[in-house]
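K.L.:
Sequence and computational prediction follow.
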Amino acid sequence: MVAASHNGTGEAPACQPGACRFHVSGYYFGPRPGMDCERPLRWTCDYCRASVARTCSGRRESVCRPCSARYRRAVRAVAVSGMVAERSATGFLYLLTVTAPGERAHRLPGGQLCPCTPPGGVDLAEWNASHSGRWNHLRTNLRRDHEGLQFMRGVEVQTRGALHDHAMIWSPTPLDLVAVRRRAMAAGFGHSVDLAPCAPGSRKAAYYVSKYVTKATDARERVPWAADVVDYATGEVTRERVPGRYRTWSCSKGWGLRMTDVRATARAYAMKKAEQNRQLELDGALVVLGAALGPLLPVADAPT
Ligand SMILES: [Zn+2]
Ligand SMILES: [Zn+2]
Ligand SMILES: [Zn+2]
């Protein structure tokens, strides 16, 4: 945030500090000095017409690199907060990966058809659109098997456009791959399931998951997605291909820090930094002023 600049038309009196009611009124083209954002937004007060520049808070790297990096760091902080070493003293930490079914029917080592994929394969657009419901189903069953289980899940977009989940899991009771695979397939995921134990306090899984989260925010156009589209002229509803509408990550309530906690901490830190900078600038200005005025200042009352 930078200082408000009053429009100076004199039409409306300036608001009391903190009384402005801002709404987005446009973009600034290009970065603003002192602001780490590639396309800051202009917010204007409804009452006094004062305007301020604020970061765009974009999550997509293709839209704004610094803002998407900030978002990635915030997601990473949420991810890391659940993987703290103390947690392994009271339970088990895992990185679980579940995938969409294959594109073709395939056989198990015993020769019978694998139940994860129907004979004609899955329609990825339809499968992706049902993906969050499938995850909810899986998550509910895992929490039924392991009471108190907590997770943070990030979405990765595979090359074929299928959504893919990486979930960090903390559970008071150990998870078993065979049981988890059974649950995953019952929820409509493919048979390819990975369950890797995580070292206590390791940030690797958290970094891994948050890395894919920002990539997934930039991949909506290439994720096949089917949705009902209403033609408002005729009232006709058709199933059409639209850009992906998935959430790039989610976590359970007891995972660790929430995004609001991370944001509040970041804001407090930024304000402290800004205050320090202001103080530094002030000190700097006084030094320069002192040097400039030094020869002119009377020295009579200097201690002897
Ligand atoms: Zn105002
Ligand atoms: Zn930005
Ligand atoms: Zn299979």
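P.N.:
The structure has been received and is ready for your questions. Predicted model only: the values in this text are computed from it and were never measured. Ligands and ions are numbered 1, 2, ... in the order given.
K.L.:
Return the residues in contact with Pro118.
P.N.:
Pro118 makes contacts with Pro101, Ala105, as judged by Cβ atoms under 8 Å, 6 or more residues apart in numbering. C-beta coordinates here come from the backbone N, C-alpha and C atoms, glycine included.
K.L.:
what kind of secondary structure is it in?
P.N.:
Secondary structure for Pro118, judged by DSSP: H, G, I helix; E, B strand; the rest coil, is coil.
K.L.:
phi, psi of it?
P.N.:
Reported as degrees, to the nearest 10, the phi and psi values for Pro118 are phi -70, psi 160.
K.L.:
For the longest helix seen in the chain, the averaged confidence score.
P.N.:
As assigned by DSSP state H, the longest helix anywhere in the chain is helix 259-293. In this model, helix 259-293 has a mean pLDDT of 76.
K.L.:
Please apply the same query to stretch 71-84.
P.N.:
Taken as a whole, stretch 71-84 has a mean pLDDT of 89.
K.L.:
what does it rub up against?
P.N.:
57-59, 93, 150, 152, 154, 168, 170, 198, 201-203, 205-207, 209-211, 213-214, 217, 249, 251, 255-259, 262-263, 265-266.
K.L.:
mind listing what's buried in stretch 47-56?
P.N.:
Cys48, Arg49, Ala50, Ser51, Val52, Ala53, Arg54, Thr55, Cys56 (16 or more other Cβ atoms under 10 Å).
K.L.:
and which of these is nearest ligand 1?
P.N.:
Cys48 (3.2 Å; Cβ to the ion).
K.L.:
ok, Gly148 - contacts?
P.N.:
Applying Cβ under 8 Å, 6+ apart, the residues contacting Gly148 are Gly91, Ser171, Pro172, Gly254.
K.L.:
I figured the last one was touching Gln150, is that so?
P.N.:
Yes. Look at Gly254 against Gln150 with Cβ atoms under 8 Å: they come within range, at 4.7 Å.
K.L.:
Would you mind checking the contacts of stretch 71-84 for buried ones?
P.N.:
Buried members of the contacts of stretch 71-84, scored by 16+ other Cβ under 10 Å, are 58-59, 93, 150, 152, 154, 168, 170, 198, 202, 205-206, 209-211, 213-214, 217, 249, 251, 255-257, 262.
K.L.:
Ligand 2 next: which of those are close?
P.N.:
Among the buried ones among the contacts of stretch 71-84, proximity to ligand 2 is found for Gly58 (Cβ under 5 Å from the ion).
K.L.:
ok so, going back, buried members of the contacts of Gly148 into ChimeraX, please.
P.N.:
ChimeraX command restricting the contacts of Gly148 to the buried ones, with burial defined by 16+ other Cβ under 10 Å:
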select :91,171
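K.L.:
of all the contacts of Gly148, which comes closest to Val178?
P.N.:
Ser171 (15.5 Å; Cβ to Cβ).
K.L.:
Looks like the closest one contacts Leu149 (just checking).
P.N.:
Yes. Counting by Cβ under 8 Å, Ser171 does reach Leu149; the two are 4.5 Å apart.
K.L.:
With just CA atoms, put stretch 242-261 into CSV.
P.N.:
Provided in CSV are the C-alpha atoms of stretch 242-261 (Å, rounded to 0.1, in the frame of the first residue of the first chain):
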residue,chain,number,x,y,z
VAL,A,242,-15.0,-24.5,-20.1
PRO,A,243,-11.7,-23.5,-18.4
GLY,A,244,-11.0,-25.5,-15.2
ARG,A,245,-12.8,-24.4,-12.1
TYR,A,246,-10.9,-26.3,-9.4
ARG,A,247,-9.5,-25.1,-6.1
THR,A,248,-5.8,-25.4,-6.2
TRP,A,249,-5.5,-26.5,-2.6
SER,A,250,-7.4,-27.1,0.5
CYS,A,251,-6.7,-28.2,4.1
SER,A,252,-8.6,-29.5,7.1
LYS,A,253,-9.4,-27.1,10.0
GLY,A,254,-6.8,-28.6,12.3
TRP,A,255,-4.0,-28.7,9.8
GLY,A,256,-2.0,-25.8,11.2
LEU,A,257,-2.0,-22.1,10.4
ARG,A,258,-4.8,-20.8,8.3
MET,A,259,-4.3,-18.4,5.4
THR,A,260,-5.8,-15.6,7.4
ASP,A,261,-3.2,-16.2,10.1
